[in-house]
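Colleague: could you work out the structure for the sequence below:
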Amino acid sequence: QLQLVESGGGLVQPGGSLRLSCAASGFPLDYYTIGWFRQAPGKEREGVSCIKGSDNSTYYADFVKGRFTISRNNVKNTMHLQMNSLKPEDTAVYYCAASPGGGKYDYWGQGTQVTISS
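Modeller: Numbers count the residues shown, from 1 in each chain. So this is what the prediction gives:
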């Protein structure tokens, strides 16, 4: 069964850091385009960052550039999102996803809550 499972969410103060992880099972992440998305209450889901499967190039949304870093570990079949300098507006449920062809994301995790508050 193909599955993605996130972990690492939590409550941190503004300016703090969190590292989200996403473990894949049932398929290798090596050549997939992998991404992180988030959805805040009352807002639509938005893309945060991704690594293309074709050339490992990375993309970051403007609102996280310089603060977040996406990575993958092909040996452990995991992907990560290091989040630094967190802001209250980063509060959301974060989802990892994988796309076999670089287009539509076919596989999604269940989401992990990230709350930034003092």
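
Colleague: wait, is Ala23 part of a strand?
Modeller: Yes: under DSSP: H, G, I helix; E, B strand; the rest coil, Ala23 falls within a strand.

Colleague: so how far is Ala61 from it?
Modeller: Per C-beta to C-beta, to the nearest Å, Ala23 is found 23 Å from Ala61. C-beta coordinates here come from the backbone N, C-alpha and C atoms, glycine included.

Colleague: Ala40 too?
Modeller: Per C-beta to C-beta, Ala40 is found 13 Å from Ala61.

Colleague: what do you get for Val12?
Modeller: On the measure of C-beta to C-beta, Val12 and Ala61 end up 20 Å apart.

Colleague: which stretches of this protein form strands?
Modeller: In the chain, the strands defined using DSSP state E lie at 3-7, 10-12, 18-25, 33-39, 46-51, 58-60, 68-73, 78-83, 92-99, 107-108, 112-116.

Colleague: export the ones you listed to CSV and append columns for mean neighbour count and mean pLDDT.
Modeller: Supplementary listing: those in CSV, determined by neighbours: other C-beta atoms under 10 Å; pLDDT from 0 to 100:
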stretch, mean neighbour count, mean pLDDT
strand 3-7, 17, 95
strand 10-12, 14, 98
strand 18-25, 19, 96
strand 33-39, 22, 97
strand 46-51, 19, 97
strand 58-60, 14, 97
strand 68-73, 17, 96
strand 78-83, 22, 97
strand 92-99, 22, 97
strand 107-108, 16, 95
strand 112-116, 18, 98
